[in-house]
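Asks: With the input below, show me the fold.
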Amino acid sequence: MNSLRTEDPPLAGLRQRKKARTRALIQEHALRLFHEQGYETTSVEQIAAAAEVSPSTVFRYFPTKPDLVIYDDLDDRMIEAFRAQPPGLSALQALRATVRSAFGGLAGEELALQRERELLMRSVPELREAMLGELARTIREIADLVADRTGRPADDDAVLALAGAVIGLSIAAWFASDGDDWTARFIERIDAGMALLESGFRL
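Replies: Take a look at the predicted model:
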């Protein structure tokens, strides 16, 4: 029995890595086909064939077609980065450092993937709507994280105001940034906006 227990964590880790590779492979082929054929004219069946999996496997990892574009693992990274911020930082300072850490670490193929996703979300109305819906969910996640850090309830007015302000900044920065250096400009705009919030600016 003890030997089985010692093997469980590596096996679980192996399964998770396999799932992550399958998810990444499906999304890679989906984005390629969306780029080549167009989002609307590309079917889930075509994506499944390209990734050499069944359509049901595609839906297991991506319950809806927009999820093939919307999904990334940045939320998980940002949650981990936020929880790792020094306790002496305010919630806003910790969020600001988290954004710089999560987006600043993107490079190479990962950065190109983000750019491809961003272009699709800008050009396809269904994806823009799905992206905005995802941001609404992220407000709740941020509120929960801030609540844990500050000891306040997640529905506290100040907690909700901060979470809403950060997501509002994200939306404004997303629509205002463009070009090949989109990611860098996006980060700069969010960081500048958070600096203004920290300073208690007035217009």
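Asks: Pick out the residue closest to the middle of the protein.
Replies: Centroid check for the chain by Cα atoms, centre = their mean gives Leu74 as the closest residue, at 3.9 Å.
Asks: tell me the contacts of that residue?
Replies: Applying Cβ atoms under 8 Å, 6 or more residues apart in numbering, one finds that Leu74 lies in contact with Ala102, Phe103. For the C-beta atoms, the positions are set from N, CA and C on the backbone; glycine is no exception.
Asks: Pull up the per-residue confidence for it.
Replies: Residue-level confidence at Leu74 comes out at 81, pLDDT.
Asks: Check the one 10 residues further on too.
Replies: Ala84 carries a pLDDT score of 94 in this model.
Asks: So Glu141 versus Ala102, what's the distance?
Replies: Shown here: Glu141 relative to Ala102, a distance of 13 Å by Cβ to Cβ, to the nearest Å.
Asks: Between those two, tell me which one has more neighbours.
Replies: When neighbours are counted by other Cβ atoms under 10 Å, Glu141 and Ala102 differ, and Ala102 comes out ahead with 20 against 16.
Asks: gap between that one and Thr22?
Replies: As judged by Cβ to Cβ, Ala102 and Thr22 stand 24 Å apart.
Asks: Equivalent analysis for Phe175, please.
Replies: When distances are taken as Cβ to Cβ, Phe175 and Thr22 turn out to be 33 Å apart.
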